[in-house]
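> build me a model from this:
(2 chains)
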2 protein chains.
Amino acid sequence: MARLFDRALIVGVGLIGSSLARAMRERGLAGAIIGWDLDDGVLARARALGVIDEGAGGLAEGLHKADLVVVATPVGATGALLADIAARAAPGAIVIDVGSVKGVVADAALAASDRVRIVPCHPVAGTEQSGPDAGFAALFRERWCILTPLDRADASYRAAVETVSALWRAVGAKVEIMDAAHHDLALAVTSHLPHLIAFTLVGAADDIESVAEAEVVKYSAGGFRDFTRIAASDPIMWRDVFLHNREAVLEALGRFTEELFLLQRAIRWGDGETLEKVFRRGRELRRAIVAAGQETAAPNFGRNEGGATVPRAGSD
Amino acid sequence: MARLFDRALIVGVGLIGSSLARAMRERGLAGAIIGWDLDDGVLARARALGVIDEGAGGLAEGLHKADLVVVATPVGATGALLADIAARAAPGAIVIDVGSVKGVVADAALAASDRVRIVPCHPVAGTEQSGPDAGFAALFRERWCILTPLDRADASYRAAVETVSALWRAVGAKVEIMDAAHHDLALAVTSHLPHLIAFTLVGAADDIESVAEAEVVKYSAGGFRDFTRIAASDPIMWRDVFLHNREAVLEALGRFTEELFLLQRAIRWGDGETLEKVFRRGRELRRAIVAAGQETAAPNFGRNEGGATVPRAGSD
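The predicted structure follows:
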C-alpha cells in the first residue's frame, strides 16, 4: 500500500488511537507516526510498546509538519481540541476524529478555522477494554467506518474525504458516508442504547438486595454475563456519548420503553402469543447479522473455544 | 466414573437433553440411554446422531425399567409430564427436570404421586441454539446446577438428592441447593430479565422506521450484536419461562425500570456524575465474573479468535 501521509499525529493513544497507529504502521501508510496524550503515562506506554515513533513533546510541537491529525479522545474533549488544532496545524492538514457522536463534532468543525480539512469519522469497532495495550491492528477489519463530511464544496476538501476513505479502507474497514444527524440516530439505536441498557442492567442487579452479588456472579452464565461485556466499556467515553447525543438517545430509549411495557403487560396478563411473536424476531435478526459478517456464528460467541472458560467436549 | 443408573430416559432431546445424554455417555453414567420427544423428527435425529441408544416407542414403553427420567422440555409442558411420569414410572425411579423455573415444578412435583422421587434441577448453562445437533457434552462443565429438593424427609428421597448431585458433578457441574422461591428470584435477575431485555431491544430496533434494518445489521458491532445472541434463544422455551415466573420477573423488571429512569433523567439533565458512577460498576462486576470462571477474559468474548469474524492481527 502506498504511503498516504508523511507524518501522522495521533492525539489520544488509547484503544482506538493505538489500534489505528498499529494498523497504519502495518500497512506503511505514514512516514512517521507520533503521539500525544493528556495522560503522560499512557503516552509513555504507547511509546514503549512501539505503537508510536515518538511522543509529541506537547501538542504544538506534535502538530508541526503533521499532514494527518487523528483526534481519538472521549467526545467531550473533541470540540475544544479541534478548535485548537485547526488554529495551529499546518495549513491544509487533514484532521479526523473517531468519536461515536458526530453532530457535536460537525458543529465544532464548522466553527473551527478552515485552514485545515476536518473530516469527522466513526469507525464502528471496539472492545470493552481501554488503553494502548488493548489496541490491535485488526480492530477495523470488516467493520464499517462512517464518514460525515462537512458541507464544503471545494475540491481540496473533497480530495481530503477521498484520502480519508482510502485510509480507512487500507486498514480493512468498509466506508459509508452519511450526514451527522442520521449517524447519531442510527448509532443511538445500534450502539448507544445497547450500552445504556447494559449499564442499566448491571446497575439494577447490584441494587436488588434479596439476591446477593455472589449469586449474580455464579449464575451469570444464564444470560447476565453477556451484558457485562459492553457494561465494562470505558465510563468516561460513554458518559460523553450520552451527554452529547441526548436527543437521539432519548428518542431510541422511548421506543425501547414502549416495547418493554408491551412485553411487561404480556407477562402480567399471561399473553404467550405476544411474547412468542416478539421473541421470534431475535433469531431472524441475528441470522442477518451473522450473514453480513458482523458476528460469529459460533454458539456463545465462540467463547467456549477461544477464551476457554470451558474445556472442549472430550478434552479430558 | 461408576455407573449411576441402569437405564436413563431423556424426555425431550433438544439442546439440554441431548447434552446431558452425551455427557452421561462420555462418563459411562448409565447402562442405556433412551430418548423420547414430542417431535418424531427430533427423536429420529438424536438417534441418528448416536446421542441416544434407542427411541422410546412411546412414553409408556420408555418408562419401563428406567431408573432415571430426565424431563428436558419447555417448562410449560413439565407439570403435566411429571404427573404422567409419576403415575407410570417404575416405583422408586428418580425423576429430574432441567427447567429454568422451579416454583411451578415444585408445585407439580408435590401434587404428583410419591411412587417416584422427583428432584427439580436447573443447570445454569446453555447456548442460543436448539435441537439435538446443538448439544455437546461439555455444556455443563464449570457451570452451576441448582437443585431445589422437595420438602420430603425420608431417607430414600435424601439418597435420591445425593445421587442427582453426583450425576451433575460427574458431568462437570458445581451443585448448589436452595429453595425454589429463591431460585426463581435469583434467576429472574441473572437470566430471565437479561433475556427479556435482549428480546425487547431487538424488537424495538425492528420498530424504529427512521433507521433501516440494513443499518442495524451493518453497525451492530457498536454493541447491538451482543444482545442478539440471547435474543436468538428458543422462543417457546422463553415464552414458558416468563409465563411461569411472572412475579419474580415483574419484580426484577421494576428494579430495572427504576434504574433506567434514573439514567434517563441524568441524560436529560446532563448529569455526567451520575452516569459515570453507574457506568463504573460494570467493570468491577465483569472482573468478578471472569475471576469466578464464568466468563472469558478475552476482549469481545474472544469472538475475534474463535468464530473469526475478523482475521487476527498480522494474519494477512
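> show me what contacts residue A:264?
Residue A:264 sits next to B:250, B:253 when contact means C-beta atoms under 8 Å, 6 or more residues apart in numbering or on different chains. From N, CA and C alone the C-beta is placed, and that goes for glycine too.
> what residues sit buried inside the helix or strand hosting it?
Using DSSP states H and E, residue A:264 sits in helix A:246-268. Neighbour-count burial for helix A:246-268, counted by 16 or more other C-beta atoms under 10 Å in any protein chain shown, picks out A:246, A:248-249, A:251-253, A:255-257, A:259-260, A:262-264, A:266-267.
> quick one: list the elements packing against the helix or strand encompassing residue A:32.
Assigned by DSSP H and E, residue A:32 belongs to strand A:30-36. For strand A:30-36, the elements it packs on are strand A:5-11, helix A:15-26, helix A:40-48, strand A:54-55, helix A:59-63, judged by 3 or more C-beta pairs under 8 Å, 6 or more residues apart in numbering or on different chains; DSSP states H and E.
> quick one: the strands in chain A, in order.
Here chain A has its strands, by DSSP state E, at A:5-11, A:30-36, A:54-55, A:68-71, A:94-97, A:117-123, A:144-147, A:174-177.
> neighbouring strands - and their directions - for the fourth one?
So the one you mean is strand A:68-71. Partners of strand A:68-71 in the sheet, by DSSP bridges, are strand A:5-11 (parallel), strand A:94-97 (parallel).
> can you list those in a markdown table and add mean neighbour count?
Below are these laid out as a markdown table (neighbours: other C-beta atoms under 10 Å in any protein chain shown):
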| stretch | mean neighbour count |
| --- | --- |
| strand A:5-11 | 24 |
| strand A:94-97 | 26 |
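> Serialize those strands to TSV and add fields for mean pLDDT.
Shown next, in TSV, are the strands paired with strand A:68-71 (pLDDT from 0 to 100):
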stretch	mean pLDDT
strand A:5-11	97
strand A:94-97	98
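> what's the angle between the strand holding residue A:32 and helix A:15-26?
Per axes from the mean of the first three to the mean of the last three C-alpha atoms, to 10 degrees, the angle that strand A:30-36 makes with helix A:15-26 is 160 degrees.
> let me see the contact set for residue A:240.
A:74-77, A:101, B:272.
> can you tell me how far residue A:226 is from chain B?
6 Å (C-beta to the nearest C-beta, to the nearest Å).
> surely that residue and residue B:197 touch.
No - contact criterion C-beta atoms under 8 Å: residue A:226 and residue B:197 do not qualify, at 10.2 Å.
> what touches both of those two?
Contacts common to residue A:226 and residue B:197, judged by C-beta under 8 Å, 6+ apart, are residue B:227.
> let me see the domain layout of chain A.
A:5-178, A:182-295 (automatic domain parsing).
> residue B:157: which of those is closest?
domain A:182-295 (25.3 Å; C-beta to C-beta).
> please name every helix or strand in contact with the helix or strand bottoming out on mean pLDDT in chain A.
For chain A, counting by mean pLDDT, DSSP states H and E, strand A:54-55 ranks last in confidence among helices and strands (a mean of 85). For strand A:54-55, the packing partners by 3+ C-beta pairs under 8 Å, 6+ apart come out as strand A:30-36, helix A:40-48.
> winner for burial among the ones you listed?
strand A:30-36 (a mean of 22; mean count of other C-beta atoms under 10 Å in any protein chain shown).
> so how far is that one from its chain's centroid?
Put simply, strand A:30-36 sits 21 Å off its chain's centre (C-alpha atoms, centre = their mean, to the nearest Å).
> direction included, what does it pair up with?
When DSSP bridges is applied, strand A:30-36 pairs with strand A:5-11 (parallel), strand A:54-55 (parallel).
> who wins for proximity to residue A:291 among the ones you listed?
Short answer: strand A:5-11, nearest of these by C-beta to C-beta, at 34.5 Å.
> and that closest one, C-alpha only, in PDB?
Only the C-alpha atoms of strand A:5-11 are listed here, as PDB (Å, rounded to 0.1, in the frame of the first residue of the first chain):
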ATOM      1  CA  PHE A   5       0.800  10.700   4.800                       C
ATOM      2  CA  ASP A   6       4.300  11.900   5.700                       C
ATOM      3  CA  ARG A   7       3.700  12.500   9.400                       C
ATOM      4  CA  ALA A   8       0.600  11.400  11.300                       C
ATOM      5  CA  LEU A   9      -0.100  12.700  14.800                       C
ATOM      6  CA  ILE A  10      -2.400  10.600  17.000                       C
ATOM      7  CA  VAL A  11      -4.000  12.700  19.800                       C
END
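> now do that strand: distance to the chain's middle.
20 Å.
> got the angle between it and helix A:40-48?
Using the same axes, to 10 degrees: strand A:5-11 against helix A:40-48 is 150 degrees.
> next one, pLDDT for the nearest residue to residue A:181 once chain neighbours are set aside please.
Distances taken as C-beta to C-beta, 6 or more residues apart in numbering or on different chains put residue A:103 closest to residue A:181, at 6.0 Å, once the chain neighbours are dropped. Looking at residue A:103, its pLDDT reads 97.
> ok, residue A:304 next?
65.
> picking that back up, which of the strands of chain A sits closest to residue B:70?
It's strand A:144-147; of these, that one is closest to residue B:70 (C-beta to C-beta) at 45.5 Å.
> pLDDT averaged over the closest one - what is it?
Strand A:144-147 comes out at a mean pLDDT of 98.
> list the neighbouring strands of that strand plus their orientation.
When DSSP bridges is applied, strand A:144-147 pairs with strand A:117-123 (antiparallel), strand A:174-177 (parallel).
> count the residues that sit near residue A:38.
Applying other C-beta atoms under 10 Å in any protein chain shown, we find 13 other residues in the vicinity of residue A:38.
> can you pull the contacts of residue A:5?
Counted by C-beta under 8 Å, 6+ apart, residue A:5 has contacts A:29-31, A:67-68, A:94.
> so which of these is the closest to chain B?
residue A:29 (15.4 Å; C-beta to the nearest C-beta).
> looks like the closest one contacts residue A:167 (just checking).
Yes - Residue A:29 is within contact range of residue A:167, at 6.5 Å (criterion: C-beta under 8 Å).
> which residues are common contacts for those two?
In contact with both residue A:29 and residue A:167: residue A:4, using C-beta under 8 Å, 6+ apart.
> I'd like the distance between the residue in the stretch 51-200 of chain A that chain B sits nearest to and residue A:215.
Residue of the stretch 51-200 of chain A nearest chain B, by C-beta to the nearest C-beta: residue A:191 (2.9 Å). According to C-beta to C-beta, to the nearest Å, residue A:191 and residue A:215 sit 30 Å apart.
> now residue A:190
32 Å.
> what of residue A:82?
Taking C-beta to C-beta, one finds residue A:82 at 47 Å from residue A:215.
> do residue A:113 as well
From residue A:113 to residue A:215 the distance is 57 Å (C-beta to C-beta).
> quick one, which of those two is more surrounded?
Of the pair residue A:113 and residue A:215, residue A:215 is the one with more neighbours under other C-beta under 10 Å, namely 23 against 14.
> spatially nearest residue to that one (excluding sequence neighbours)?
With C-beta to C-beta, 6+ apart, the residue lying closest to residue A:215 is residue B:186, at 4.9 Å.
> follow-up on the earlier one: quick one: the helix holding residue A:264 to chain centroid distance?
24 Å.
> excluding its backbone neighbours, what's nearest residue A:216?
Using C-beta to C-beta, 6+ apart, the closest residue to residue A:216 is residue A:205 (5.1 Å).
> distance check, that neighbour against residue A:179.
From residue A:205 to residue A:179 the distance is 38 Å (C-beta to C-beta).
> likewise residue A:210?
To residue A:179, residue A:210 is 48 Å away according to C-beta to C-beta.
> ok, now residue A:74?
In terms of C-beta to C-beta, residue A:74 sits 23 Å off from residue A:179.
> related to what we said a few turns ago, quick check: the residue nearest to residue A:216 touching residue A:224?
Yes - counting by C-beta under 8 Å, residue A:205 does reach residue A:224; the two are 6.6 Å apart.
> common neighbours of those two, please.
Common neighbours of residue A:205 and residue A:224 (C-beta under 8 Å, 6+ apart) are A:216, B:189-190.
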